[in-house]
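Novice: heads up, no residue letters with this:
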Ligand SMILES: Cc1ncc(COP(=O)(O)O)c(C=O)c1O
């Protein structure tokens, strides 16, 4: 029996071995062990909002369940929700997007898998930034496609520029994946720059896949009045990924969406039917209430809270000796240089956790370009806890 179990490993695909587990999971395991021993841990490693889902959304879910909305929907999602998202684009960003182009998915993760599945053949090249969201490259590898890495310049504070993309572009690249605001850097791509990037991508016969999952979580002065922009304003020939996970505080509801060019709809529909049949029904009914005035009022309060945390943590982290030249404009992350504090950020992160109970994410989860010099702070805990974390870090560095 024993030898049979060992032999089962031989069935695993080679491409599965191309994928790295998240190093932050080791940190989480270490944190959980310490918590079991009774040591309090402050979690600044987790990439999800600590706020609860607004009440109108929860109420809508309960009423959907009670009225028996527990079956599959169409693979592309409920038309009512697609229409709500379309209205949201119109009222918040002044852009008209037909609901037909909006596809509801199981999280942005489901949208990424779906869109990349309809686009990629074996061996196709996909450009991704380094640092960047690690799952993008991993999904590309699972689909037997290849990665063209675009290292972002630390000297330029990880801002994405057309020049940078052009410099590392490999001929034949089919898709460019960008995120704004970005995980892990929190930096945004300006509209002016995005227009230049889209022009470049089109000139190369490639397509831009824009991840706007942190949309709405921006903190510059005019954020409330002018809630940023969506890349959908720029062109009909690009694809946008979004989600209810971050701004809407619905990570566990597993709901996101994609806005795709009309020409892709037939393919997207049939692939969605085959890989997951339908996005989660109760979550879709709940998400219709995400755009109600009361939900948005709560979410804007959360956003203001994130902004205060960012402002506090940005100064505090610099005082601790981390290097960070610019205040990131969005998401809920600071990607700080720790090179003058330790030669290896993964070792530093582990020591900090062990000695003063603060959990961070090492840079090596986000790419291969000098990750040992970086750590990611998530400001997804309340201000009091954030202040405790900073005091603990002060103690550590003393
Ligand atoms: C940049 C980015 N894209 C996509 C995702 C996937 O999110 P979800 O599947 O919860 O919508 C995440 C999650 O952290 C992310 O940071």
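Specialist: Received it, and whenever you're ready, just let me know what you need. Keep in mind that what you see is a predicted model, and the values were worked out from it rather than measured. Residues are numbered from 1 along each chain as shown.
Novice: residue in the stretch 51-200 of the chain nearest to the ligand?
Specialist: Closest to the ligand within the stretch 51-200 of the chain is residue 107: 2.8 Å, counting by CB to the nearest ligand atom. For every residue, glycine as well, the C-beta is placed using N, CA and C.
Novice: quick one: neighbours of that residue, just the number.
Specialist: 24 (other CB atoms under 10 Å).
Novice: which pLDDT value goes with it?
Specialist: Here the pLDDT value assigned to residue 107 is 98.
Novice: element containing the closest residue to residue 153 other than its chain neighbours, please.
Specialist: Spatial nearest neighbour of residue 153, excluding adjacent residues (CB to CB, 6 or more residues apart in numbering): residue 164 at 6.5 Å. In this structure, residue 164 is located in helix 162-168 according to DSSP states H and E.
Novice: rounded mean pLDDT for that helix, please.
Specialist: The pLDDT scores in helix 162-168 average 97.
Novice: okay, strands next: where are they in the stretch 101-250 of the chain?
Specialist: 102-105, 125-130, 146-151, 173-179, 207-211, 239-243 (DSSP state E, counting those that start in this stretch).
Novice: average pLDDT across the longest one?
Specialist: In other words, strand 173-179. The average pLDDT within strand 173-179 is 98.
Novice: could you list the paired strands of it along with their orientation?
Specialist: strand 125-130 (parallel), strand 207-211 (parallel) (DSSP bridges).
Novice: per-residue confidence averaged over the last one?
Specialist: Translated: strand 207-211. Across strand 207-211, the per-residue pLDDT values average to 98.
Novice: hmm, that strand in reach of the ligand?
Specialist: Yes: contact between strand 207-211 and the ligand, assessed by CB under 6 Å from any ligand atom, occurs at residue 211.
Novice: measure how that strand sits relative to strand 239-243, angle-wise.
Specialist: Orientation check (axes from the mean of the first three to the mean of the last three CA atoms, to 10 degrees): strand 207-211 against strand 239-243 gives 10 degrees.
Novice: mind listing residues that contact strand 207-211?
Specialist: If you take CB atoms under 8 Å, 6 or more residues apart in numbering as the criterion, strand 207-211 is touched by 108, 112, 115-116, 119, 133, 136, 174-180, 194, 197-198, 201, 231, 235, 237-242.
Novice: can you rerun that using 6 Å?
Specialist: With contact meaning CB atoms under 6 Å, 6 or more residues apart in numbering, strand 207-211 is reached by 175-179, 198, 201, 231, 238-241.
Novice: make JSON lines out of those residues and add distance to residue 317 and neighbour count.
Specialist: Shown next, in JSON lines, are these (distance: CB to CB, whole Å; neighbours: other CB atoms under 10 Å):
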{"residue": "175", "distance to residue 317": "34", "neighbour count": "23"}
{"residue": "176", "distance to residue 317": "31", "neighbour count": "25"}
{"residue": "177", "distance to residue 317": "28", "neighbour count": "26"}
{"residue": "178", "distance to residue 317": "25", "neighbour count": "24"}
{"residue": "179", "distance to residue 317": "22", "neighbour count": "26"}
{"residue": "198", "distance to residue 317": "34", "neighbour count": "20"}
{"residue": "201", "distance to residue 317": "34", "neighbour count": "24"}
{"residue": "231", "distance to residue 317": "30", "neighbour count": "25"}
{"residue": "238", "distance to residue 317": "34", "neighbour count": "22"}
{"residue": "239", "distance to residue 317": "35", "neighbour count": "26"}
{"residue": "240", "distance to residue 317": "31", "neighbour count": "24"}
{"residue": "241", "distance to residue 317": "29", "neighbour count": "26"}
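Novice: list the buried residues for stretch 373-391?
Specialist: 373-381, 385-390 (16 or more other CB atoms under 10 Å).
Novice: tell me which of these is nearest to the ligand?
Specialist: So of those, ranked by how close each gets to the ligand (CB to the nearest ligand atom), first place is residue 378, at 9.9 Å.
Novice: quick one, what contacts that closest one?
Specialist: 44, 46-47, 332-333.
Novice: so what sits opposite it in the bridge?
Specialist: As for beta bridges, residue 378 partners with residue 333 under DSSP bridges.
Novice: now for residue 312, how many residues are close by?
Specialist: Going by other CB under 10 Å, the residues that sit close to residue 312 add up to 15.
Novice: same deal with the one 5 residues further on?
Specialist: Under the neighbour criterion other CB under 10 Å, residue 317 is assigned a count of 20.
Novice: then the one 5 residues further on?
Specialist: Per other CB under 10 Å, the neighbour tally for residue 322 reads 22.
Novice: could I get the phi/psi values of it?
Specialist: phi -80, psi 150 (degrees, to the nearest 10).
Novice: so it is in contact with residue 334, correct?
Specialist: No: under the criterion of CB atoms under 6 Å, residue 322 makes no contact with residue 334, lying 8.2 Å away.
Novice: okay, residue 298 and the ligand: tell me how far apart.
Specialist: 19 Å (CB to the nearest ligand atom, to the nearest Å).
Novice: could you give the mean pLDDT of the helix or strand harbouring that residue?
Specialist: Element membership of residue 298 [criterion: DSSP H and E] is helix 293-319. Computed over helix 293-319, the mean pLDDT rounds to 97.
Novice: buried residues in it?
Specialist: 295-296, 298-299, 302-303, 305-307, 309-310, 313-314, 316-317.
Novice: what parts of this structure come near the ligand?
Specialist: For the chain, the residues in contact with the ligand (CB under 6 Å from any ligand atom) are 47, 107-109, 133, 179, 183, 211, 213, 243, 245, 251, 256.
Novice: mind doing that once more with 5 Å?
Specialist: 47, 107-109, 133, 179, 183, 211, 213, 243, 245, 256 (CB under 5 Å from any ligand atom).
Novice: got the confidence number for residue 220?
Specialist: For residue 220, the model assigns a pLDDT of 77.
Novice: residue contacts, it?
Specialist: Residue 220 neighbours (CB under 6 Å, 6+ apart): residue 329.
Novice: from residue 328, how far out is it?
Specialist: Distance, residue 220 to residue 328, using CB to CB, to the nearest Å: 10 Å.
Novice: burial count for residue 344?
Specialist: 17.
Novice: again, but for residue 122
Specialist: For residue 122, the neighbour count with other CB under 10 Å is 8.
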